[in-house]
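[1] Predicted model, plus sequence, below.
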Amino acid sequence: MLHLQINGHDLEIKPGKSLFDYAEGMGLRVPTTCKKQGKCKECLMEVVEGMELLSPMSPQEEHLKGAFRLSCRCTVEGTSGNIRCHTMRRAAMRIEHKALELPIQKRPQILDPAVTRDGDRILLDGREIDRSEGPILGMAMDLGTTTVVVRLLNLETGDLVANHAFENPQRFGGSDVMARIQYDTEHKGRVLQRTLLGYLTHAIEDFPCDPLHIYELVVVGNATMRDLFFGLNVHSIGQTPYQSITEIEMADGQRESTSLSIPAKRLRLPIHPNARVYALPLISGHVGADTTACLLAIDIAEEERTIALMDIGTNTELIIGNKEKLIAASCPAGPAFEGGAIACGMPGLEGAIESVRITESGSFDCKVIGDKSPAGICGSGLIELLSELLRTEQMNGLGRFEDDIERIEVDEQHNIYLLESDINELAQAKGANASGIQIAMDRYGIAADDIDAFYLAGGFGRYLNTHAARRIGLVPDIPDERIIQMGNASIEGACIALLSTSRRAELETLVKTIEHCRLETDPRFFDYFVEGCQFNQMPAARSGACD
């Protein structure tokens, strides 16, 4: 008997059809623009179980590796067993549905978009690009390594019209930016860019509007994701001193800013062909436009307190300072906190265990996103699991299990467990983040006690249990009232930039004043990293914390 599961939907099947056809029979939509010809590279599926029951890789799948297949080229050939797979259109992470309502804004939102109306004339920077009496719409996009979030806004009122989120389909090229840089360098034809643009096209077509009424798209993301989207060569980002080609050109006097701007028609998006696609400037190297957008969201230009802003992810970005002085750092954490490289890890999607408690009887009490059967553990669940194992003394401060056990059974019924090798991955990710915090504070001349507000940005930071994070040493041991979990600040900042050209100009000036702290060149990095890999609380005060 053959059992197939796609995106959590189950079906008993007979062999002979493609995974695409089975998905269609289940009523699941698989992205495609070539109608199952194997040309568009969009109908990706990740095969979690049962790869041996599928047909060999076809010539159209030569760009894929690991567990990824093109569902239209992949047929079921086995006669019995289980196949589990999912598209890159799984129910996306929980996204914030309100725009521009962050309580930390020091100033009211300025509504001076680049696109305006003069009668039926639609103007971009004062130049006519269309004649229409329809709505004037714009898009803001946070292009993450794992997830893409898109918002549709009315540029005349600032109102949120719709939003959408989906897994970044570029994951077939690797789970972190360095892997994707290598993939893009080795594979010609801009496959990563083309695949992402195909998925974005579907997202735009799903919006409740005529796409031709969309006149600007503002993009934020780390340097690699941003530059891949624009079709730029990203090889230099993967080589020391880890700079985008836009930074190199700016240093050579070839451009005045690292921001990017091109007509939408060059990307073949279904929005108005005369629309503009604009990307916010970078801060430096791996501190990208997503962090730049966060600075808009917290209104750093008006901030007098000493703040820290941390967006924990595959590449964690960190900012410390205020309007007088800012220091930025990039922490190469890897994908562990987003479920990558973990045996039962997964992104924060439906079916992910997001919270774990160990009861007095020793059983595991788990909360699952979407109240579904658990399929894995996401980052917030992993942090709580580590904290609970530490609290109950089933794991020591070095990340080793007690009593010589090989793995912890979190949900034996659904075969969800934690290995010591998983803890090692999480320890190294935590060590990178902890060393970044310590070095940036040292460079600024402060200890954690001196930070008035510690902002945790991003979806991971939004749902993080701060008590558990402090116990294992992921964040400094400072009072809860100083820790602000602000959600997706990058998309908030992108919305602010979309609605205000004056705030964009202000940001362009600000980023040029930020000092970039390169962790790998700091003599204390290794010591801080080794210390950070242990599961101990991070001190709020540190002697000799200034140079």
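    Yep, it's here. Every value quoted in this text rests on a predicted model; they were computed, and no experiment measured them. Numbering: from 1, shown residues only.
[2] okay, CA-based contacts and neighbour counts for the rest of this
    OK.
[3] How about the secondary structure of E317?
    strand (DSSP: H, G, I helix; E, B strand; the rest coil).
[4] Test for you: state the pLDDT assigned to E350.
    In the predicted model, E350 carries a pLDDT score of 83.
[5] just checking, it touches I377?
    No: using Cα atoms under 8 Å, E350 is not in contact with I377; the gap is 10.5 Å.
[6] nearest spatial neighbour of the residue sitting furthest away from the middle of the chain, skipping sequence neighbours?
    Checked against the mean C-alpha position of the chain, the extreme residue using Cα atoms, centre = their mean is G119, at a distance of 40.0 Å. In space, and not counting its chain neighbours, G119 is closest to E133: 7.7 Å by Cα to Cα, 6 or more residues apart in numbering.
[7] again, but for T157
    Spatial nearest neighbour of T157, excluding adjacent residues (Cα to Cα, 6+ apart): L111 at 7.9 Å.
[8] can you check E508 too?
    Per Cα to Cα, 6+ apart, closest to E508 is P281, 6.8 Å.
[9] distance of the residue farthest from the centre of the chain from L212?
    Spatial separation of G119 from L212 under the definition Cα to Cα, to the nearest Å is 18 Å.
[10] How about A427?
    When Cα to Cα is applied, the distance between A427 and L212 equals 48 Å.
[11] returning to that earlier point: tell me which element the residue nearest to G119 falls in.
    Using DSSP states H and E, E133 maps to neither a helix nor a strand.
[12] for T224, same thing?
    Taking DSSP H and E as the definition, one finds T224 inside helix 223-229.
[13] Are there helices or strands packed against that helix, and which ones?
    Counting contacts by 3 or more Cα pairs under 8 Å, 6 or more residues apart in numbering; DSSP states H and E, the secondary-structure elements packed against helix 223-229 are helix 177-186, helix 191-206.
[14] quick one: buried residues of that helix?
    By neighbour count with 16 or more other Cα atoms under 10 Å, helix 223-229 contains the buried residues A223, T224, M225, R226, D227, L228, F229.
[15] How about residues contacting the lowest-mean-pLDDT helix or strand in the chain?
    Least confident helix or strand, the chain: helix 458-462 with a mean of 83, by mean pLDDT, DSSP states H and E. Contacting residues not belonging to helix 458-462 are listed as 93-95, 311-313, 338, 379-380, 456, 485-490 [Cα atoms under 8 Å, 6 or more residues apart in numbering].
[16] mind listing what's buried in it?
    G458, G459, F460, G461, R462.
[17] do stretch 206-223 as well
    Residues of stretch 206-223 classed as buried: 210-223 (neighbour count, 16+ other Cα under 10 Å).
[18] closest to V368 among those?
    Of all these, the one sitting nearest V368 is G221; the distance, using Cα to Cα, is 28.2 Å.
[19] which residues does the closest one bridge with?
    G221 forms beta bridges with L143, as assigned by DSSP bridges.
[20] so it sits right up against V287, yeah?
    No: with contact defined as Cα under 8 Å, G221 does not count as touching V287 (9.3 Å).
[21] can you map out the helices along the stretch 351-500 of the chain?
    Using DSSP state H, counting those that start in this stretch, the helices of the stretch 351-500 of the chain run over residues 379-391, 420-444, 458-462, 466-472, 489-499.
[22] Quick one: closest of those helices to K323.
    For the helices of the stretch 351-500 of the chain, the distance to K323 is smallest for helix 420-444, at 13.5 Å, taking Cα to Cα.
[23] which helices and strands sit right next to the closest one?
    Using 3+ Cα pairs under 8 Å, 6+ apart as the contact test, the elements touching helix 420-444 are strand 316-321, strand 326-331, helix 525-532.
[24] and the helices of the stretch 351-500 of the chain, which is most packed in?
    Burial of these is given as mean neighbour count (mean count of other Cα atoms under 10 Å); helix 489-499 ranks first at a mean of 29.
[25] Now that helix: average pLDDT?
    The predicted model gives helix 489-499 an average pLDDT of 95.
[26] Give me the packing partners of that helix, helices and strands only.
    Under the contact rule (3+ Cα pairs under 8 Å, 6+ apart), helix 489-499 is packed against strand 137-143, strand 147-154, strand 214-221, helix 289-297, helix 501-511.
[27] Dump these to TSV, plus distance to N82.
    As requested, the helices and strands packed on helix 489-499 are exported to TSV (distance: least, Cα to Cα, whole Å):
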stretch	distance to N82
strand 137-143	34
strand 147-154	28
strand 214-221	37
helix 289-297	40
helix 501-511	52
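[28] among the ones you listed, which is nearest D176?
    Evaluated with Cα to Cα, the helices and strands packed on helix 489-499 place strand 147-154 nearest to D176, the distance being 12.2 Å.
[29] can I have that closest one written out in PDB, keeping just the CAs?
    In PDB, the C-alpha atoms belonging to strand 147-154 read as follows (Å, rounded to 0.1, in the frame of the first residue of the first chain):
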ATOM      1  CA  THR A 147      10.200  33.600   4.700                       C
ATOM      2  CA  VAL A 148       8.900  36.300   2.400                       C
ATOM      3  CA  VAL A 149       6.300  38.800   3.700                       C
ATOM      4  CA  VAL A 150       4.500  41.200   1.400                       C
ATOM      5  CA  ARG A 151       2.100  44.000   2.300                       C
ATOM      6  CA  LEU A 152      -0.200  45.900  -0.100                       C
ATOM      7  CA  LEU A 153      -0.800  49.500   0.900                       C
ATOM      8  CA  ASN A 154      -3.000  52.400  -0.300                       C
END
